[in-house]
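Asker: Sequence and computational prediction follow.
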Amino acid sequence: MANVIIIGDGPAGLSAALFLSKNGQQVTVFGIDKTAMHSAKLYNYLGIPEIIGSDFQKVARAQVQKFGAQLHAQEVTGIEQTETGFAITTAGGERHESKYLVIAEGKSIKLAQSLGLTITSSGVQVDHNYRSSIERLYVVGRSTRLARSQAIISAGTGAVAALDILASEKGKDFVDYDTVS
């Protein structure tokens, strides 16, 4: 059982996976790499002068795998709450469980809707740490900003949610930064 399941493999989901796996969490990401990033050319991602979205995705996917996150090219078709967290079902009928769930499904908010989360004209309603109204369930990325899609903002929301999960697991505030030796 993964500690965290992430549904979605765009900038928000992969960013959450990076922060979590880098800090020792067992992370499983489900996505079919159909993100809008494949149609993007980034000029506005801080630290990257210019990159084609498909190249960004390739680098990001390799980066999270380097830290131990597992990526599964499978669509998630169902979510249910369990006594210990969540269970997801894939299109192939497989069931996977986790303590935390991060939904990064882009502008398609069907999984969030299936859980009865509050949806406004802006998107799925979350708090400033991207927590939903369901304990240990986070919604990040474009799902929370339906009319406004920016890769760097989506990645930031994934990072915020990941740091909140890490703080919850450690029982105190948590900051992730590395220093030069």
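Answerer: Good, I have the coordinates.

Asker: need the next SSE after whichever strand or helix holds Arg61, C-terminal direction.
Answerer: Here Arg61 sits within helix 53-66, counting by DSSP states H and E. As assigned by DSSP H and E, the chain's next helix or strand after helix 53-66 is strand 70-72.

Asker: what's next to that following strand, contact-wise?
Answerer: The contact list for strand 70-72 (CB atoms under 8 Å, 6 or more residues apart in numbering) reads Ala2, Asp9, Val27, Thr28, Val29, Phe30, Gly31, Arg61, Val64, Gln65, Thr90. In short, each C-beta sits where N, CA and C put it, glycine included.

Asker: Which ones among those lie within helices?
Answerer: Arg61, Val64, Gln65 (DSSP state H).

Asker: quick one: which of those residues has the most company?
Answerer: Counting neighbours by other CB atoms under 10 Å, the top entry in the ones in helices among the contacts of strand 70-72 is Val64, with 25 neighbours.

Asker: picking up where we left off before, out of the ones in helices among the contacts of strand 70-72, which is nearest to Phe174?
Answerer: Val64 (18.5 Å; CB to CB).

Asker: coming back round to it: could you identify the buried members of the contacts of strand 70-72?
Answerer: Among those, the ones that count as buried by 16 or more other CB atoms under 10 Å are Ala2, Asp9, Val27, Thr28, Val29, Phe30, Gly31, Arg61, Val64, Gln65.

Asker: Show me which pair in the residues you listed is furthest apart.
Answerer: Ala2 and Arg61 (17.1 Å).

Asker: Lowest pLDDT pick from the contacts of strand 70-72?
Answerer: Note: of these, the lowest pLDDT belongs to Ala2, at 77.

Asker: out of everything not next to it in sequence, what's closest to that residue?
Answerer: Thr28 (4.1 Å; CB to CB, 6 or more residues apart in numbering).

Asker: my guess is the one you found meets Ile6, correct?
Answerer: Yes: the pair Thr28 / Ile6 is scored as a contact, 7.2 Å apart, by CB atoms under 8 Å.

Asker: coming back round to it: partners of the residue nearest to Ala2 in the sheet?
Answerer: Beta bridges link Thr28 to Ile5, Gln70 when assigned by DSSP bridges.
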